[in-house]
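Engineer: Whatever this is, show me its structure:
(4 chains)
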Number of protein chains: 2
Amino acid sequence: MDQRTPLPKPRRSDATRATILQAARQRFAMDGYERATIRAIAADARIDPAMVMRYFESKEKLFSLAVEFDLRLPDLTAVPRDQVGAAMVGHFLDMWEADDTLQVLLRTGVTNDAAAERMRSIFAAQLAPMIVEFTGEPALAPNRAVLVGSQVLGMALCRYILKLPPAVAMSREEIVGWLGPTLQRYLTEKALSSR
Amino acid sequence: MDQRTPLPKPRRSDATRATILQAARQRFAMDGYERATIRAIAADARIDPAMVMRYFESKEKLFSLAVEFDLRLPDLTAVPRDQVGAAMVGHFLDMWEADDTLQVLLRTGVTNDAAAERMRSIFAAQLAPMIVEFTGEPALAPNRAVLVGSQVLGMALCRYILKLPPAVAMSREEIVGWLGPTLQRYLTEKALSSR
DNA sequence: GTCTATAATTCGATAGAC
DNA sequence: GTCTATCGAATTATAGAC
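Structural biologist: Residues are numbered from 1 along each chain as shown, chains lettered A, B, ... in the order given. Predicted coordinates:
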């Protein structure tokens, strides 16, 4: 397993908890659930492995706390209607590159059912309602949310997880330029166009 | 007396090998690399776990053989230019639902680097060249391949792996209707549109 | 070819001294 | 709170009898 820069050792217990949680998120994001061991997380946090168990009882509970966070979704009503697609692509790119909380879900949700359930919850309880508020029609919102999510998650998968060379090489402007119109259509098009 | 190369005699061991490989693909596709154990694969193939090791030497070599297959990509030159997006969506849907070979790559490529490298190889050696043959311009082909792949993989992730309820509920026609124009634009649009 | 037994690791989790 | 020692289970992999 690879070496990573150790985090500064804290003094207070609550700071210890935060340090462990941060190290856990990084490990889960990099290695997935199975390969992220308590021992490796403890080593990253520069703490004894037994302490991790003392603070979080079990690996499963540590994981559930590590993936418990609120998505900071943008306020779509604040941007012009014809720019909502591009704005959303830019916002999600910011989120993916800000920290590794989204990487945790993508890396673990594929094999861990708790993480997958967390993703389903995010789509249903956060993304879809925001789209309802934007479009005003609750009927198609779940479908629009999944369409937007599929394109955003797919690009994140190619760029940040699989690291496909062309996806890594693309600039932010290129990604916004290509994916913006796609999300624009998923968010605003009334119904399916005939072909 | 003439000497001729003898035909490969079909042995009993060949069928056993194939049975193990098929069971391995299913397990790797369902559980990912770590959680798919030799014991479980052997149980599925109704064979002794030691036999799996005898035939494939190690779990890693078994895995590398399990993800070695040729993608059957459609001949884009055979379909009308304005229907190429919809045709491609339909073709990929067929592939995803035909067997679990694509699920193996998606489920394991997230945490296993060998599978990720296999995916990068598929994009560079099969998908991109096919797009070059279709568009005639090699410059943008890697980007188009990644764009198409991101949307297709993203929808597969939501529908077949994460099983987001709206993605599972969508009909084949709906998916083709929404994703078709997206892939059409990724495949045919000359350059980025200004906004 | 087949299977039993087991080696060698690694992991999550626990007990208990200090 | 912290750490040492270790348990029990699960895993890949090997050795060898039949």
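
Engineer: For the rest of this, base every contact and every neighbour count on C-alpha atoms.
Structural biologist: Fine.

Engineer: Give me the neighbour count for the nearest residue to A:A156 once chain neighbours are set aside.
Structural biologist: Closest residue to A:A156 apart from its sequence neighbours, by CA to CA, 6 or more residues apart in numbering or on different chains: A:W96 at 7.6 Å. Using other CA atoms under 10 Å in any protein chain shown, A:W96 has 15 other residues around it.

Engineer: residue contacts, A:W96?
Structural biologist: Listed by CA atoms under 8 Å, 6 or more residues apart in numbering or on different chains, the contact set of A:W96 reads A:L102, A:Q103, A:A156.

Engineer: Pick the one among the residues you listed closest to chain B.
Structural biologist: Within the contacts of A:W96, the smallest distance to chain B is 8.0 Å, found for A:A156 (CA to the nearest CA).

Engineer: Below-threshold pLDDT in chain A: ranges please.
Structural biologist: Residues of chain A meeting the criterion pLDDT under 70: A:1-12, A:193-195.

Engineer: which bits of chain A sit near DNA strand C?
Structural biologist: Residues of chain A lying near DNA strand C by CA under 7 Å from any atom of the strand: A:34-39, A:50, A:53-54, A:57-60.

Engineer: can you rerun that using 6 Å?
Structural biologist: Counting by CA under 6 Å from any atom of the strand, chain A comes close to DNA strand C at A:A36, A:T37, A:I38, A:R39, A:A50, A:M53, A:E57, A:S58, A:K59.

Engineer: and the fifth one, what element?
Structural biologist: If you go by DSSP states H and E, A:A50 is part of helix A:49-56.

Engineer: Which other helices and strands does that helix contact?
Structural biologist: helix A:38-44 (3 or more CA pairs under 8 Å, 6 or more residues apart in numbering or on different chains; DSSP states H and E).

Engineer: what distance separates the helix it packs on from the centre of its chain?
Structural biologist: Taking CA atoms, centre = their mean, to the nearest Å, the mean C-alpha location of helix A:38-44 is offset from the chain mean by 22 Å.

Engineer: CA atoms only for it, dumped as PDB, please.
Structural biologist: Extracted C-alpha coordinates of helix A:38-44, given in PDB (Å, rounded to 0.1, in the frame of the first residue of the first chain):
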ATOM      1  CA  ILE A  38      -8.400   0.100   9.800                       C
ATOM      2  CA  ARG A  39      -4.600  -0.200  10.100                       C
ATOM      3  CA  ALA A  40      -4.000   2.000   7.100                       C
ATOM      4  CA  ILE A  41      -6.400   4.600   8.200                       C
ATOM      5  CA  ALA A  42      -4.900   4.600  11.700                       C
ATOM      6  CA  ALA A  43      -1.400   5.000  10.200                       C
ATOM      7  CA  ASP A  44      -2.500   7.900   8.100                       C
END
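
Engineer: That one near DNA strand D anywhere?
Structural biologist: No. Helix A:38-44 stays clear of DNA strand D (CA under 6 Å from any atom of the strand), getting no nearer than 9.5 Å.

Engineer: Nearest to the middle of chain A, which residue? Look it up for me.
Structural biologist: By CA atoms, centre = their mean, chain A has its centre lying nearest to A:L102, at 1.7 Å.

Engineer: Please name the residues that touch that one.
Structural biologist: Contacts of A:L102 by CA under 8 Å, 6+ apart are A:M95, A:W96.

Engineer: Just give the nearest non-adjacent residue to A:I161, would you?
Structural biologist: Distance criterion CA to CA, 6+ apart; nearest residue to A:I161, sequence neighbours excluded, is B:V110 at 6.3 Å.

Engineer: mind listing the helices for chain A?
Structural biologist: Listed in chain order, the helices of chain A (DSSP state H) span A:13-35, A:38-44, A:49-56, A:59-66, A:84-98, A:101-108, A:113-122, A:128-135, A:141-156, A:165-169, A:172-188.

Engineer: since we're on the closest residue to chain B within chain A, how many residues are nearby?
Structural biologist: Nearest to chain B in chain A, going by CA to the nearest CA, is A:G154, at a distance of 3.7 Å. A:G154 is flanked by 26 other residues according to other CA under 10 Å.

Engineer: same deal with A:A114?
Structural biologist: Neighbourhood size, A:A114 [other CA under 10 Å]: 16.

Engineer: From B:L162, how far off is it?
Structural biologist: Plainly put, A:A114 is 11 Å away from B:L162 if you go by CA to CA, to the nearest Å.

Engineer: now A:A116
Structural biologist: Distance from A:A116 to B:L162, by CA to CA: 6 Å.
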